[in-house]
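below are the sequence and a predicted model for it; my questions follow.
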Amino acid sequence: MLFADNVFCQEERFVVDGKYEDTPFELFVKDIERQVPVQFMYHPQIVDSFYVSAIFNREPLSHGLKRIFADTQVYFFINDRNQVILTQGYQVKDKLPINYFDRTGLANSEAELEVVDYLEEEEKKKNLQKSMENTITEIGAKSKIKDGEYSNVAGYVRDVTTGEPLFGALVYIDNPRIGVATDQYGFYSLTIPTGKHDLFLRCIGFKDSKRQIILYGKGTMDIELLEDVIPLKEVVIEAEKDVNVAGMQMGLDKLDAQSMKKVPPILGEVDVLKIALTLPGVQTVGEGANGINVRGGTADQNLMLINDATVFNPTHLFGFFSSFNPDVIKSVELHKGGIPAQYGGRISSVFEVQTKEGNNRKFVGSGGISPVTTRLTFEGPIIKDKLSYIVGGRSTYSNWILKQLPNPAIKNSNASFYDFYAKLSYDVNENNSLYASGYMSKDQFKLNSDTSYSYANENASLQWKHMFNNKLYGILSGIYSGYSYGIFSEKNVVNAFGMDYSIKNYSGKADFSFFPSSKHKVDFGVSTMLYALQPGSLVPKGSESLINEVILENEQGVESAVYIGENFDLSSNVSLYGGFRYSLYQYLGPKTVNEYAPNGPIEEGTKIGEHEYGKNEMIKTYQGPELRLSAKYAFGVQSSLKFSYNKMRQYINMLSNTTSISPTDIWKLSDPNILPQVGDQISLGYYRNFKNNTIEGSVEVYYKTIQDMIDFKSGAKLILNEDLETDIINGEGKSHGVEVLLKKKTGKLNGWVSYTYSRAMIRSDGEYSSEQINNGEYYPASYDKPHSLNVLANWKFSRRFSISSNLAYSTGRPITYPIAKYYYNGIERLHYSERNQFRIPNYFRFDLSMNIEGNHKVTKFNHSSWTVAVYNLTGRDNAYSIYFVSSEGKVKGYQLSIFANAIPTITYNFRF
Amino acid sequence: MNWIYIFLFLLMVLHFGCVEEFDPSSKGHENLLVVEAFLSNDDENFIVMLARSTPIDTNAVIPEWGADVSLVSLLGDQFDLFETSSGTYESNGPIYPVVGMDYQLKIQTRNSKTYESKMVKMRDTPPIKDAYFKFEEIPSAGLKGVQFYIDTEDPNNNTWFYRWEWEETWIFRVAFRANLKYEDGEIKDREEDIFTCWKSGRSTSIEIATSKNLSKDIINEYPINYVSSETDRLSQRYSFNVKQYSLSEESYNYWKELQKATENLGTLFDPQPSIVKGNYYNVDDENEIILGYFDAAVVREQRVFVNRADIPGIKIPYNYANCEDSIVSKYLIPEMDEWGWEMIDEEEVAPGSFVYHFSTNYCIDCTIYGTNTRPDFW
């Protein structure tokens, strides 16, 4: 207790005696007041649950009190009227103690004050922390503690400054080693032996802490954690140090807001999808390309979620930016394997974005300005500690930039986007919480006054969380997700048209978590979702347009699932997870379905008729169990071996036969002719931590097969096609790989190195030649890049200055290469044969960024930082594609690079 | 889909992308038969060209010589073709195919492989409704010029798929009209006109369109070619001749695929280039790939002229701006000749005293760049 030193200056009048052991403070006060003529004055809250353990051996009262309050936030002052006044919290002193700067060793200057501010803040926190840690909390009705009896404690873990629940915080006791991680609502439920425990707490970005508890019986305890070094954003990821080894999960990558900021931004934007590409097992077809490919899966096989709502197109500006505003993201989880039973519907991965909840203590804001966008986020309480909001928006000024360019063609073009996110969190009472959130993103572009394009995502969700008791809670959710795009052209009056596409998804689900004992955790739930698609409409625009109206019949389907998953710690070394999900998909009328001759290929020529189905008539049902299994064997605390198997079913597919998925690609439900995709994956991993858990390493191998993978016939027409199935092949996929990750989370130098060797192959070996690609042989998928290396390093030179770098290397992606040239009609043409048999040159990129924090004065209204980044520092012109074009009668070869130069950007971020 | 423009636009705006040309190297080669045959109703011989494909880094035409080629109709009429030059096979006079009749091409190569085309129906083609041009600017490229458009229509709503080829011809003049020439040590009159010439070019990209998604069989304002002020084409008079062919849906798809695989590439959203399947097959081996598509249709033509007066306010580059003449006395004529200069004319500077104007070959002889044969339509 630093600032209590001045009490020494006071005269000592009272000498006290006594022995106290875990004595409630009130009793202690009574005892002292009996001995000496003093009167204690304090607010009872200050000493709530404060127990005194001390021996006073005929010593001055101030000495004794100093000892008791050491390491707490309680200050005392004995005034002339013999009153002992207790205060809590930090007081700003006019003068610093003399020895203050001896300790810090810093000079007297303006910088001093800043440091003082910082240190004061730190000190304040340290004191707060200590006071929390020294408080002993009694849980449950007091009774005699029996050996071997277990009881349950549950509650929420929150950020002390914002009141925001913390996701993934570890809550555990050491003896016996029992622990859990909080869920996305910050909830934990722990069943441990009754008695006295130190309850340890760890969470990324927060100070490690502990709470002393005496557990008598079932009860609740909410815990608040201190953010680690708030004004400096010093990233010390100490929490979860041994999660890598001790945790059950495999194939899981987790990114939090802090670690995302360490990755050099692209065009000034912190982009979660681009950062995901630095993780092992995540690929893309090229820079600037839409979508990610996880462990050999296509881009649509990733379940992209924002607060449980599906996002169908997570990108802006043709894929250059992701549509997730970094300021509202709390964390991102990418499940590549060992996917728990509560997730389903996509076969490759789950990419889950958790957004922040509003600060329920005070109003704060943050934002940033980059060359492309401006961001602004506000959050604050509506009812303190009960109801809070967060609102974040992002918009580009590319339109304004375009208008400034002298080139008239560009002047007449426009491209703009924005995204908007809002969430309300309401803690109705101890057992009930409500959450409402909405998200939308919209893109528009028009090129040289010709055709305009627009696309939009819209999501809304309403969730009610109810605690039945300490061991069981449930969440009821109603979610809407929508995606639509439109194309509009009226340059040629006869051909003027508007084209629209939309998909709407309504889902309801109930998820429950049950903690029957310390060794078990059970998740179970049901869900159902309705898909309503308008697969395309083409309508004339204007009276002169002759465009035939084409309105494809709506499609609808219902996907339902029940699941149960259980975590079970068999022994201290062996943990098991068993999950079972049963999914049922029904393709519903009204719809006219094409029928094809049973013993022939699905082609226009073999179409034998149509069958009309009435409203809500069942057209086709697909269903099946999905097994999810994981096992962990720990070799002590340093290393473990994990295994997982999972089966996934996917009933909705995005159809895209272009290199990169485009905003105008369509989603299609499985129907009688287009079968659902089924994925099976097994993986095995070895995890080991080094150097006292500061370095964690893992090696994972996986093997995955995909049945009825969607493949396309050459020249497939996907938009406004009434007979889509004639252009699609139900192929099969297989992929395998080894992923090595070495991660150093702490220290001045931190970061990770990931290396992946992987292959992703597709085979379309139909019975008929029209259903064969490359003669029915396996061929590499266009995102098959066997070698991939990423090195991400962050050097922290001082609290205000850090440098981050990112190195990316990968094998070039496969392309289809011409194998013959010929003249036709006087013009050189090329003949292509087998798909993806050659590769573009290997990819290499090095990025560097510098983060400069502004003034650290805590009292300063505004905390700001600058990020100066150079993307592709070496200016290497990495090939995005190699292609050939007949132009003026001759074939010419071209290499297209997206970023052929070093791209410097500067971003300004602020918080207030 | 205008992805190409989107992409170019992005490159322009953000100035970081880059497209580099390179010489492709061959990575394996399949030697395939290429058959080029189009049956039309014009007064020309029916010509079939047979060749072999080459590796992509090779510049050669390898004719397929010594084959037997014939055209048969559904009624059994047979027209044999004769090899007039290596790989080129011609009918003995025009064939005048019957509209509505099915025809098939049969080929037997010298190594006794038998190929056939599918039976193809000779289609009628509606006349071009209008071919015309508009003065248009392309500000992004800083160009001015004329954009040619096609309007066409089938009142019977029976065609739906169209293809066009065009041929351009323009007249140009060199810097100096040379009346004299120096040949064999003598000054002679130049009989041949090498001052005025014509130059021709033809379409180098696939021009197809469909009215399939319209309620009437109408093509409105199909932009077929843009002639800019970058070249001297519009300097005096410019002729644009369009040939229109009807297509079947199948042949339309063939051209569309060929276009996709060889012209519309280079974007972020390229489709997979793939085999473009024609309608020839090996009778004994269904897996053999033969390049080309046999088609038959009536041809319709229309010619448009653009005169300099039609496009005021446009600056056309003059290719001979740098031409100068040199004047020498008669004593220097042999030397000038030796240096490769060409005589333009003589000039009488004083009675009986002549000097001679010379200039370079390029400045007086238009046949270096074009032909001085006046086209029939001019």
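Okay, I see it.

do you know how far the residue nearest the centre of chain A is from A:F884?
Chain A has A:V332 as the residue nearest its centroid, 1.0 Å off, counting by CA atoms, centre = their mean. For A:V332, the distance to A:F884 (CB to CB, to the nearest Å) stands at 39 Å. C-beta coordinates here come from the backbone N, C-alpha and C atoms, glycine included.

got a list of what A:F884 touches?
Contact analysis of A:F884 by CB atoms under 8 Å, 6 or more residues apart in numbering or on different chains lists A:P818, A:L830, A:V891, A:K892, A:G893, A:Y894, B:P24, B:I56, B:T262, B:L265.

quick one, helices of the stretch 201-350 of chain B?
In the stretch 201-350 of chain B, the segments counted as helices under DSSP state H, counting those that start in this stretch are B:249-262, B:333-338.

next, the closest residue to chain B within the stretch 451-600 of chain A: phi, psi?
Closest approach between the stretch 451-600 of chain A and chain B, counting by CB to the nearest CB: A:V494, at 3.5 Å. Dihedral pair for A:V494: phi -70, psi -30, per degrees, to the nearest 10.

doesn't A:V52 make contact with A:R67?
No: in this structure, A:R67 is not within contact of A:V52 by CB atoms under 8 Å, at 9.9 Å.

the lengthiest strand in chain B: which residues count as buried?
Identified as the longest strand of chain B according to DSSP state E is strand B:161-173. Using 16 or more other CB atoms under 10 Å in any protein chain shown as the test for burial, strand B:161-173 gives B:F161, B:Y162, B:R163, B:W164, B:E165, B:W166, B:E167, B:E168, B:T169, B:W170, B:I171, B:F172.

can you name the two of these that are farthest apart?
Spatial extent of the buried residues of strand B:161-173 (CB to CB) is set by the pair B:F161 and B:F172 at 36.7 Å.

re the thing from before, next, the angle from the longest strand of chain B to helix B:249-262.
Calculated by axes from the mean of the first three to the mean of the last three CA atoms, to 10 degrees, strand B:161-173 forms an angle of 60 degrees with helix B:249-262.

now do the very next helix or strand once past strand B:161-173: distance to the chain's middle.
Helices and strands here follow DSSP states H and E; after strand B:161-173, the next one along the chain is strand B:180-183. With CA atoms, centre = their mean, to the nearest Å as the basis, strand B:180-183 stands 36 Å off its chain's centre.

what's the answer for stretch B:69-85, then?
Centre-to-centre, stretch B:69-85 and its host chain are 27 Å apart (CA atoms, centre = their mean).

before we move on, what about stretch A:550-568?
Mean C-alpha position of stretch A:550-568 versus that of the full chain (CA atoms, centre = their mean) differs by 23 Å.

now do stretch B:211-226
Using CA atoms, centre = their mean, the offset of stretch B:211-226 from its chain centre is 22 Å.

ok, and the helix or strand in chain B with the lowest average confidence?
Here the helix or strand of chain B ranked lowest by mean pLDDT, DSSP states H and E is helix B:3-14, holding a mean of 48.

what is the longest strand of chain B packed up against?
Secondary-structure packing of strand B:161-173 (3 or more CB pairs under 8 Å, 6 or more residues apart in numbering or on different chains; DSSP states H and E): strand B:143-153, strand B:196-202, strand B:207-210, strand B:218-228, strand B:237-246, helix B:249-262.

for the residue nearest the centre of chain B, which non-adjacent residue is closest in space?
Geometric centre of chain B, nearest residue: B:R202, 2.1 Å, by CA atoms, centre = their mean. Closest residue to B:R202 apart from its sequence neighbours, by CB to CB, 6 or more residues apart in numbering or on different chains: B:E167 at 4.9 Å.

about what we covered before: out of the helices and strands packed on strand B:161-173, the one nearest A:Q638 is which?
Closest approach to A:Q638 among the helices and strands packed on strand B:161-173 is made by helix B:249-262 (56.3 Å; CB to CB).

A:S527: helix or strand, and which one exactly?
strand A:520-540.

each with direction, which strands does that strand pair with?
strand A:497-517 (antiparallel), strand A:550-551 (antiparallel), strand A:555-569 (antiparallel) (DSSP bridges).

thinking A:S62 is in contact with A:V84, fair?
No: A:S62 is beyond contact range of A:V84, at 9.1 Å (criterion: CB under 8 Å).

what do those two both touch?
The contact sets of A:S62 and A:V84 overlap at A:F76, A:I78 (CB under 8 Å, 6+ apart).

off-centre distance for stretch B:159-169?
Relative to its parent chain, stretch B:159-169 has a centroid offset of 11 Å by CA atoms, centre = their mean.

could you give the average pLDDT over it?
When pLDDT is averaged along stretch B:159-169, the result is 95.

residues from the stretch 251-378 of chain B in reach of chain A?
Contact residues, the stretch 251-378 of chain B versus chain A (CB under 8 Å from any CB of the partner chain): B:253, B:256-258, B:260-263, B:265-266, B:268-276, B:286, B:289, B:291-292.

which of the residues you listed are buried?
Listed as buried from those are B:253, B:256-258, B:260-263, B:265-266, B:268-276, B:289, B:291-292; burial here means 16+ other CB under 10 Å.

for the residue nearest to A:N573 when sequence neighbours are not counted, list each beta-bridge partner.
Distances taken as CB to CB, 6+ apart place A:A634 nearest to A:N573, at 4.9 Å, with adjacent residues excluded. On the basis of DSSP bridges, A:A634 is bridged to A:S640.

ok, how many other residues are close to A:A634?
19 (other CB atoms under 10 Å in any protein chain shown).

wait, it sits on A:Y686?
No: between A:A634 and A:Y686 there is no contact under CB under 8 Å: 11.4 Å.

give me the common contacts of those two.
Taking CB under 8 Å, 6+ apart as the criterion, A:A634 and A:Y686 both touch A:S640.

please name the bridge partners of A:G367.
Beta-bridge partners, per DSSP bridges, of A:G367: A:L376, A:F910.

and it, what pLDDT?
Predicted confidence (pLDDT) for A:G367: 89.

quick check: it vs B:D68, distance?
79 Å.

right, I'll leave it there.
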